[in-house]
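S.K.: What follows is a predicted protein model with its sequence.
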Amino acid sequence: MRYNFLMPHIHEKIDYAADVFIVHGDKVLLRKHDKYKMWLPPGGHVELNEDPAEAAVREVREEVGLSVSLAGESKTYKDANDGKDLILPKFMNRHHVNPMHEHISLVYFAKTDNTTIKQGETEISDEIKWFTREELDDPKYGISERIRSHAKAALDELAG
């Protein structure tokens, strides 16, 4: 069975994705997804040629045009056979994106020095907004419990 998705999929039933809660000052960035009509962090599929942290940085650049520094540490070893240790995600989440397809999301936190958003050419957002902690709880935005929880955790760790 084939599906007509807008994004490339590695597998028809489940994919890995990287999501990034970006903090600047005391605000966190969310985008209103054009397809799902919900507030989400920038993020998307991990492609075959990249690790999740690389996907996180790429997706942020493609969707909102920001350069970010992921929170956490990675280490590259002198011996190439040892590879590199990856930045650990802050959370992992498994959820359905439709009745036939799921994502395992690796959730990262990041900081940026720039707040100027450049909307992506292929990923269009209905809205992009820097949210304060208080705005995350405002019912007029309809932000899901999971997204609010992760956004507040990012602010707790990186704000200021």
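M.R.: Okay, I see it. Owing to the predicted nature of the structure, the values given are computational and were not obtained by experimental measurement.

S.K.: Tell me where this structure is predicted with low confidence.
M.R.: Applying pLDDT under 70 to the chain flags residues 1-10, 120-124.

S.K.: at 90 instead, please
M.R.: Across the chain, the ranges flagged by pLDDT under 90 are 1-13, 33-37, 48, 76, 80, 97-98, 114-127, 160.

S.K.: okay, which residue of it is out on the far edge from center?
M.R.: D79 (31.3 Å; C-alpha atoms, centre = their mean).

S.K.: these two touch, right, V28 and F21?
M.R.: Yes - counting by C-beta atoms under 8 Å, F21 is a contact partner of V28 at 5.5 Å. Every residue, glycine included, has its C-beta placed from N, CA and C.

S.K.: Find the residues that touch each one of these two.
M.R.: 41, 151, 154 (C-beta atoms under 8 Å, 6 or more residues apart in numbering).

S.K.: count of residues packed around the second one?
M.R.: The local packing of A151 (other C-beta atoms under 10 Å) involves 25 other residues.

S.K.: residue boundaries of the helices in this protein?
M.R.: Remark: helices assigned in the chain by DSSP state H are 52-64, 133-136, 145-158.

S.K.: Just name the most buried of those helices.
M.R.: helix 52-64 (a mean of 21; mean count of other C-beta atoms under 10 Å).

S.K.: helices or strands up against that helix?
M.R.: Where contact means 3 or more C-beta pairs under 8 Å, 6 or more residues apart in numbering; DSSP states H and E, helix 52-64 is packed against strand 14-24, strand 27-33, strand 43-45, strand 69-70, strand 101-111, strand 125-131.

S.K.: so how far is the last one off the chain centroid?
M.R.: In terms of C-alpha atoms, centre = their mean, to the nearest Å, the centre of strand 125-131 is set 13 Å apart from its chain centre.

S.K.: Okay, now the sheet partners of that strand, with direction.
M.R.: Counting by DSSP bridges, the strands paired with strand 125-131 are strand 27-33 (antiparallel).

S.K.: repeat for the fourth one
M.R.: Strands flanking strand 69-70 in the sheet, each with its direction: strand 101-111 (antiparallel) (DSSP bridges).

S.K.: sorry, back to before: what's the spacing between the residue farthest from the centre of the chain and M92?
M.R.: Remark: distance between D79 and M92 (C-beta to C-beta, to the nearest Å) = 29 Å.

S.K.: Likewise for K152?
M.R.: Distance, K152 to M92, using C-beta to C-beta: 18 Å.
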